[in-house]
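# I need the structure of the sequence given here:
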Amino acid sequence: MCSPDLYYHSHLLTLVHSLPLSLFLSQCSWLSPRRWLNLQEYQSKKLMQESGVAVQRFYVADTASEALEAAKKLNAKEIVLKAQILAGGRGKGVFNSGLKGGVHLTKDPVVVGELASKMLGFNLITKQTPKDGVKVKTVMVAEALDISRETYFAILMDRVSNGPVMVGSPQGGMDIEEVAASTPELIFKEAIDIFEGVRDDQALRMAANLGFKGPLQRQAADQIKRLYDLFLKVDATQVEVNPLGETPEGQVVCFDAKINFDDNAEFRQKAVFAMDDMTESDPTEMEAAKWDLKYIGLDGNIACFVNGAGLAMATCDIIDLHGGKPANFLDLGGGVKERQVYEAFKLLTADPKVEAILVNIFGGIVNCAIIANGITKACRELELKVPLVVRLEGTNVHEAKRILTESGLPITAADNLDDAAKKAVAAIRK
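Take a look at the predicted model:
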């Protein structure tokens, strides 16, 4: 199972190793994709530009007058104006200024200035934003290019190959999962030797598999090599370009990209991580991160309190299997402290949707007694009012069970994960 912080990356790994994706998606699709480092579209384009990757000419503006000047400076046949927020669905969004759409095409620079004045400082509401939307502080003014053909290309870290892998398809501009499910023969992959990098023959073969012919094949191969240089340069775990397009004028251009970064490389990627935009991050997730907790809110009513990403995913799955709905993903990690347990309970109980809490701990590195002490303290100080089901196994488990039993608190013990899930689901049905 995938870890939520690398959910999107895992999507692609599954695509590489086990086509079709239908089974995986049926189990995981209710989790939101998430990147720990949040970059706006223009920031990703800037990183690509700096590595020699072909992108549309663009400028960034913070005011309507700047947007107008940028549009004039582009001197393009057609201009695309894009509101810069992290949430998807911008094109179909609505501003509280009354303007419809966060993406607009026009040939008139004056119109760019007028549209920007209705975007900047106003909230854009899309399917992925909170109900009040997200305030737009920046717009991207870019040259609009026609696309005669769209392809898909990605580079990602692959544990099975012990290194990076290229994944490509001549079917771009759509969800790659759809391509994998309907026409898996149109997905191509190439393992990259970390010592050699992308060889010329590999890049040319991938370009040919993507459908580029003649001079465009060489051009696409060059872009593939430059994308790999970017992948290494910024310590990425994934660079996904969709679409990698071909223009009527014979250019190969990266029109849109998603870049995932290795959090462990923050110490040497200070400039990249300094661009992190936290303004749209979920406040609960940010609070959890302060205590080194990995939290993602879901739409169910059974809160999960687990150590380890894989076990947390399994816990969410088994709750779902028994007819319940998880309210969150929460991974305590390894070297957990009593204060973290308390803060985790604080987060869980602050969610008004939560009607029960399921604790599932398998103590290898984790000392179960620390968890038990944290639980009892949290229950007393937070005056827990929802049913609590606890399953503990592993290091110091007997001491942990003694602490819980002697606490006198209304805690329901479970023998195993299956038993715990059944009891949690039953608790909210009473």
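
# Which helix or strand in the chain has the lowest average pLDDT?
When the helices and strands of the chain are scored by mean pLDDT, DSSP states H and E, helix 22-28 comes last with a mean of 34.

# For residue 222, which non-adjacent residue is closest in space?
Excluding its sequence neighbours, the residue lying closest to residue 222 (C-beta to C-beta, 6 or more residues apart in numbering) is residue 203, at 7.6 Å. All C-beta atoms are positioned from the backbone trio N, CA, C, and that covers glycine.

# which residues touch the one helix or strand the one you found maps to?
Using DSSP states H and E, residue 203 sits within helix 200-209. Residues from elsewhere that reach helix 200-209, judged by C-beta atoms under 8 Å, 6 or more residues apart in numbering: 153, 166, 168, 170, 188, 190, 192, 216-218, 220-222, 224-225.

# Just list the residues touching the closest residue in space to residue 364 that isn't next to it in sequence, thanks.
Excluding the flanking residues, the one nearest residue 364 by C-beta to C-beta, 6+ apart is residue 394, at 5.9 Å. By C-beta under 8 Å, 6+ apart, residue 394 lies in contact with 361, 362, 363, 364, 366, 368.

# ditto for residue 99
Residue 99 makes contacts with 115, 118, 119, 122, as judged by C-beta under 8 Å, 6+ apart.

# Throw those residues into JSON lines and include distance to residue 378 and secondary structure, thanks.
Shown next, in JSON lines, are the contacts of residue 99 (distance: C-beta to C-beta, whole Å; DSSP: H, G, I helix; E, B strand; the rest coil):
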{"residue": "115", "distance to residue 378": "50", "secondary structure": "helix"}
{"residue": "118", "distance to residue 378": "48", "secondary structure": "coil"}
{"residue": "119", "distance to residue 378": "44", "secondary structure": "coil"}
{"residue": "122", "distance to residue 378": "41", "secondary structure": "coil"}
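
# Can you tell me which of those are buried?
In terms of neighbour count (16 or more other C-beta atoms under 10 Å), the buried residues within these are 115, 118, 119, 122.

# Just flag the most distant two among these.
Farthest apart among these by C-beta to C-beta are 115 and 122. That separation is 11.3 Å.

# after the helix holding residue 203, next one along is what?
Next in sequence after helix 200-209, counting helices and strands by DSSP H and E, comes helix 215-233.

# just so I have it, where are all the strands in the stretch 51-200 of the chain?
Remark: strands assigned in the stretch 51-200 of the chain by DSSP state E, counting those that start in this stretch are 58-61, 79-83, 94-95, 103-106, 123-125, 134-135, 139-143, 149-158, 163-169, 188-191.

# The last one - contacts with which helices or strands?
Applying 3 or more C-beta pairs under 8 Å, 6 or more residues apart in numbering; DSSP states H and E, one finds that strand 188-191 makes contact with strand 163-169, helix 200-209.

# most packed of these?
Stretch with highest mean neighbour count among these: strand 163-169 (a mean of 23; mean count of other C-beta atoms under 10 Å).

# Packing partners of that one?
Using 3+ C-beta pairs under 8 Å, 6+ apart, strand 163-169 sits against helix 7-17, strand 149-158, strand 188-191, helix 200-209, helix 215-233.

# Of all these, which one comes closest to residue 313?
That would be helix 7-17 among the helices and strands packed on strand 163-169, by C-beta to C-beta, at 9.7 Å.

# could you give the mean pLDDT of the closest one?
Mean pLDDT, helix 7-17: 51.

# Same check on stretch 109-117?
98.

# buried ones in it?
Buried residues in stretch 109-117, counted by 16+ other C-beta under 10 Å: 109, 111, 112, 113, 115, 116, 117.

# Residues touching it, excluding its own?
The contact list for stretch 109-117, computed with C-beta under 8 Å, 6+ apart, reads 61, 63-65, 67-68, 70-72, 74, 79, 81, 99, 104, 106, 139, 141.

# Good, wrapping up.
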